[in-house]
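K.L.:
3D model of this:
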Amino acid sequence: MKKIVTRCGFAGLAALIMLVIISCDSREKLYIYNWTYYTPDSVIEKFEDEFNVRVIYDEFASNEEMYAKLRTTQGKNSGYDVVFPSKDFVPIMIQDGMLERINHSLMKNLVNIDPEVLEKADYDPNMLYSVPYFYGAAGIAVNTARVPVFEKSWSIFAREDLKGRMTMLDDLREVIGGALAYLDYSVNTLNPSEVAAARDLINYSWKPNLVKFDAETFGKGYANGEFWVVHAFPEAVFEEIADDEQLLRNTVFFFPQEGGPSYIDNMVIMKNSRNVELAHKFIDFIHRPEIYAEFVDEFRLPATVNIPARDYVRGNPAYSEADLFNTELVGSVGDALELYTDAWFNHIRFAEHGEPIPVWVWLIIGGIIVITGGIIVLVVLKRKK
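P.N.:
Predicted coordinates for the structure are as follows:
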């Protein structure tokens, strides 16, 4: 407990120092909420220098985490200007009235966006509320020095000889989507029995061999040799092993032969943003061909969304646009999302195989109990008076 308090104290002190530094900076500020490993520091620095602004950059590990945080500020200023939700969350945020309309007259680089990607963006094909950022997919990275023989299949997670050396993403649509694809079902199925079959496959065949579900630190674990097989967004892996030439040569990244989920991530402007015009400038800046190429080169990604950027790409992407052909875009499943969240939170993540409930969950539960108890005491005392 002392260690926790000490760490919290240092974290609080660091946050206070950062707050003081930021408050002394008179430049206009743009607040961004984005995925981990998704916009190079060099791109942010170029934007800051050109427009003489400061970017405040926060990260999230899943759409669910992002959405839950933003919902707590519903009807108020969220504090963020530009956010990066995936395809299946954009329509939810539009319906909830969380997004500012995109003013096309403030951006000249929207013409660079691939029309084929916009066709896939059926949730907002005219970019009224969102602008596509990247079209891609998670796959599987394998250290061939440790695992020289393997099948390019989701079934790799059923291999008991690799138990304790594998992780999967802490993302319900990615993991359940992979299981659905392996079973030859749509990643957007509305059929309860198919979701249940995917749930059971994960729980009883894959999960016993995993170290954990992880969407934040798997890249570091792969880089230091702790994990040999990771379900991964490739940018998170290749960013961590960029300076390890041997591991780069030994790493194979693939999309499973059975297919799997793919995504379109987007840039949106939050309703009540304090910096709407600057937010438009940032989105337009990202879609300059040379800037977009810098983004994808940093993370060994293909320039899937921005056509002219393909002429500026100098790196060697981990996969090509053509490799996405066998994937299926994750879309909104409406009310059936409850099937997925029930399978994930009530069975896969916490309830099965005796996996312990994380400390942070117990802290939240304890806080609720304390607050509720305090309210009851106050009510009783008030009645006695």
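
K.L.:
can you tell me which residues contact Val90?
P.N.:
Shown in contact with Val90 (C-beta atoms under 8 Å, 6 or more residues apart in numbering): Leu99, Tyr123, Asp124, Tyr129, Ser130, Asn266, Val268. From N, CA and C alone the C-beta is placed, and that goes for glycine too.

K.L.:
Where do the strands of this structure begin and end?
P.N.:
Secondary structure of the chain (DSSP state E): strands located at 28-35, 53-60, 82-83, 130-137, 139-143, 166-168, 210-213, 229-232, 251-254, 260-269, 327-329.

K.L.:
Helices along the stretch 51-200 of the chain, start to end?
P.N.:
Secondary structure of the stretch 51-200 of the chain (DSSP state H, counting those that start in this stretch): helices located at 63-71, 90-95, 115-120, 172-182, 192-201.

K.L.:
Rebuild the ones you listed as a markdown table, extending it with mean pLDDT.
P.N.:
Shown next, in a markdown table, are those (pLDDT from 0 to 100):
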| stretch | mean pLDDT |
| --- | --- |
| helix 63-71 | 93 |
| helix 90-95 | 95 |
| helix 115-120 | 96 |
| helix 172-182 | 97 |
| helix 192-201 | 98 |
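
K.L.:
Just name the most buried of the ones you listed.
P.N.:
Compared across these, helix 172-182 shows the largest average neighbour count, a mean of 26 (mean count of other C-beta atoms under 10 Å).

K.L.:
In CSV, list the C-alpha atoms belonging to it.
P.N.:
Taking C-alpha atoms only, helix 172-182 is exported to CSV below (Å, rounded to 0.1, in the frame of the first residue of the first chain):
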residue,chain,number,x,y,z
LEU,A,172,-13.9,-7.3,-27.4
ARG,A,173,-14.7,-6.8,-31.1
GLU,A,174,-11.1,-7.8,-32.2
VAL,A,175,-10.9,-11.0,-30.1
ILE,A,176,-14.5,-12.1,-30.6
GLY,A,177,-14.3,-11.1,-34.2
GLY,A,178,-11.2,-13.3,-34.7
ALA,A,179,-13.1,-16.2,-33.1
LEU,A,180,-16.1,-15.6,-35.3
ALA,A,181,-14.0,-15.5,-38.4
TYR,A,182,-12.2,-18.8,-37.4
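
K.L.:
what sits up against it?
P.N.:
Around helix 172-182, the neighbours that count as contacts under C-beta under 8 Å, 6+ apart are 62-64, 88, 138, 153-155, 168-169, 186-187, 189, 194-195, 197-199, 201-202, 206, 213, 231, 256, 258-261, 328, 330, 340-341, 343-345, 348.

K.L.:
any low-confidence regions in the stretch 251-385 of the chain?
P.N.:
For the stretch 251-385 of the chain, applying pLDDT under 70 flags the ranges 351-367, 370, 373-374, 377-385.
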